[in-house]
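Visitor: with the input below, show me the fold.
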Amino acid sequence: MHADYIITADYILPMDASMSVIEKGAIAVQGTDILDVGTAENIFARYSSEKVIPKKNNVLFPGLINTHTHAAMVYFRGIADDLPLQDWLKNHIWPAENKWLSPEFISDSIELACLEMLKGGVTVYNDMYFFEDAAAHSTKKMGMRAVLGCGILDFPTRSGNSADEYLAHAESFINDWKGDELISPCIAPHALYTCGPETLKKAKAMAEKYTVPLHIHLSETQWEVEEVKNRYRRKPVHHLDSLGFLDETVLAAHCIWVDDDEIEVLAKRKVGVSHCMESNLKLASGFSPVVTMLMTGIKVTFGTDGAASNNDLNIMSEMSTTAKVHKALSENPTVLDAKTILLMATRWGAEALGLGDRIGSLEKGKRADFVSLDLKKPHLMPIYNVCSHIVYAAMASDISDVMVNGRFVVENGMLVTADEQEILTKAQQWSEKIRE
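Guide: Residues are numbered from 1 along each chain as shown. Got it, this is the predicted structure:
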């Protein structure tokens, strides 16, 4: 059989149900899809291709998935550091957004965000922001995959004046992009303290009408929990559950201040959770009970949050930091082992976003979304366990090649879908305006 590409590598991590490690492996790709994965010997016995790409001293694995970010905020990276969340939001970020947000701002900043993520092995991001139509066009231009959530609030911003106006934008965006090969629409009510019960119910109804996911911040700070309890006499998870909001289509970001009975509800409703370790650390928001959530069967995944609070979009560092911090917190070095961490960053991330049938593992018939990591580096030698190397020793800069939907978008560490220098120049020009 003919294949468009056959890519070989020293190691392949399919991240499928068997959790096997294939040594001296190969992937055959035809069009947008994976034809087959296996040992190089078996693949070459079944397939031929004019484009055989040997990746010696490399490991191939599914593209990393960033399940919670505000990607366009890369242009606000470092604008207001070392502040508590509410001060950071109300006195710095929201005023900056009200001054600068526009389709042009989003279009340019998304290119920078995609450049950073793709070169760090991230092939999919789940976004919550504004002017998402501009974000969608830029993301497609870069060749990246995204779940884009139109932000919903109960107060005016540069992109809308009321919850109903935001919802109308969301509906229009869904109609324009649903069914696209790379862009999946989503509805993203910001949080329980910025969206009242009626707004949340309307968002839920629209998500059900169009069969799209929901993306929301949940229990990120102690202040938020107390605010929700004062307003509604319920804890945040119970409040959402009382509204009929929670089910497997919901991705809840942060979930730091949730107790055991709330965790039981999240597990029962099959809600996905995006853990944003480095943002939580930087804002001193607290420590999410990730180990407990995993034990109850909740799919916990990785998010970077926005680059204004992290300050990068690096899932590789999220993996390493998360594993180490939670081992220390639980006083148990066996929790969040390397394979679990890789599952959180790949297959579980895809499943939490409703994309598990298409991406997240390297299997026949799934989309060809994968990355190649160069193992021939001083900090990656010698090699005894390639999984633990990726989690504990590798860096985003070790990513050499990235394929999305059967197309190489990064080759030998360089973006091939757009002009890197042009993207960086635009970022510098915007920073000069914002600084003034």
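
Visitor: phi, psi of the closest residue to Tyr75 other than its chain neighbours?
Guide: With sequence-adjacent residues excluded and distances taken as Cβ to Cβ, 6 or more residues apart in numbering, Tyr75 is closest to Ser109, at 4.3 Å. In this view, the C-beta of every residue, glycine as well, is placed from N, C-alpha and C. Backbone torsions of Ser109, given as degrees, to the nearest 10, read phi -70, psi -30.

Visitor: may I have the strands that pair with the helix or strand that contains Ile7, each with its orientation?
Guide: For Ile7, the host element (DSSP states H and E) is strand 5-12. As defined by DSSP bridges, the strand partners of strand 5-12 come to strand 22-30 (antiparallel), strand 52-62 (parallel).

Visitor: just checking, what packs against the next helix or strand after the last one?
Guide: Using DSSP H and E, the helix or strand that directly follows strand 52-62 along the chain is strand 64-69. Counting contacts by 3 or more Cβ pairs under 8 Å, 6 or more residues apart in numbering; DSSP states H and E, the secondary-structure elements packed against strand 64-69 are strand 122-129, strand 250-254, strand 272-275, strand 300-302, helix 315-330, helix 347-352.

Visitor: make JSON lines out of the ones you listed and add distance to Leu375 and mean neighbour count.
Guide: Output for the helices and strands packed on strand 64-69, formatted as JSON lines (distance: least, Cβ to Cβ, whole Å; neighbours: other Cβ atoms under 10 Å):
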{"stretch": "strand 122-129", "distance to Leu375": "19", "mean neighbour count": "28"}
{"stretch": "strand 250-254", "distance to Leu375": "32", "mean neighbour count": "26"}
{"stretch": "strand 272-275", "distance to Leu375": "27", "mean neighbour count": "27"}
{"stretch": "strand 300-302", "distance to Leu375": "22", "mean neighbour count": "26"}
{"stretch": "helix 315-330", "distance to Leu375": "14", "mean neighbour count": "19"}
{"stretch": "helix 347-352", "distance to Leu375": "22", "mean neighbour count": "27"}
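
Visitor: I'd like these laid out as a markdown table, including mean pLDDT and distance to Leu200.
Guide: What follows is the helices and strands packed on strand 64-69, written out as a markdown table (pLDDT from 0 to 100; distance: least, Cβ to Cβ, whole Å):
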| stretch | mean pLDDT | distance to Leu200 |
| --- | --- | --- |
| strand 122-129 | 98 | 14 |
| strand 250-254 | 98 | 11 |
| strand 272-275 | 98 | 17 |
| strand 300-302 | 98 | 22 |
| helix 315-330 | 98 | 28 |
| helix 347-352 | 98 | 20 |
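
Visitor: could you find the closest non-adjacent residue to Lys376?
Guide: In this structure, Lys376 finds its nearest non-sequential neighbour in Asn57, 3.9 Å apart by Cβ to Cβ, 6+ apart.

Visitor: and the strands paired with strand 5-12 as JSON lines, adding distance to Ile341?
Guide: Converted to JSON lines, the strands paired with strand 5-12 look like this (distance: least, Cβ to Cβ, whole Å):
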{"stretch": "strand 22-30", "distance to Ile341": "19"}
{"stretch": "strand 52-62", "distance to Ile341": "12"}
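
Visitor: would you list these in TSV and tack on mean neighbour count, mean pLDDT and distance to Thr425?
Guide: TSV is the format used below for the strands paired with strand 5-12 (neighbours: other Cβ atoms under 10 Å; pLDDT from 0 to 100; distance: least, Cβ to Cβ, whole Å):
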stretch	mean neighbour count	mean pLDDT	distance to Thr425
strand 22-30	22	98	33
strand 52-62	20	98	31
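
Visitor: which of the residues in the lowest-mean-pLDDT helix or strand in the chain are buried?
Guide: Ranked by mean pLDDT, DSSP states H and E, the weakest helix or strand in the chain is helix 85-88, scoring a mean of 86. Judged by neighbour count using 16 or more other Cβ atoms under 10 Å, the buried positions of helix 85-88 are 85, 88.

Visitor: who touches it?
Guide: The contact list for helix 85-88 (Cβ atoms under 8 Å, 6 or more residues apart in numbering) reads 80, 220-221, 223, 283, 285, 309.

Visitor: what's the next secondary structure element after it?
Guide: Proceeding N to C from helix 85-88, the next assigned helix or strand is helix 94-100, under DSSP H and E.

Visitor: now do that next one: distance to the chain's middle.
Guide: A distance of 24 Å separates the centroid of the chain from that of helix 94-100, by Cα atoms, centre = their mean, to the nearest Å.

Visitor: oh, and call the first residue 37 from now on, that's how I've got it
Guide: That works, and once the first residue is 37, the last one we named lands at helix 130-136.

Visitor: could you say what helices and strands it packs with?
Guide: Right, helix 130-136 is packed against no helix or strand by 3+ Cβ pairs under 8 Å, 6+ apart.
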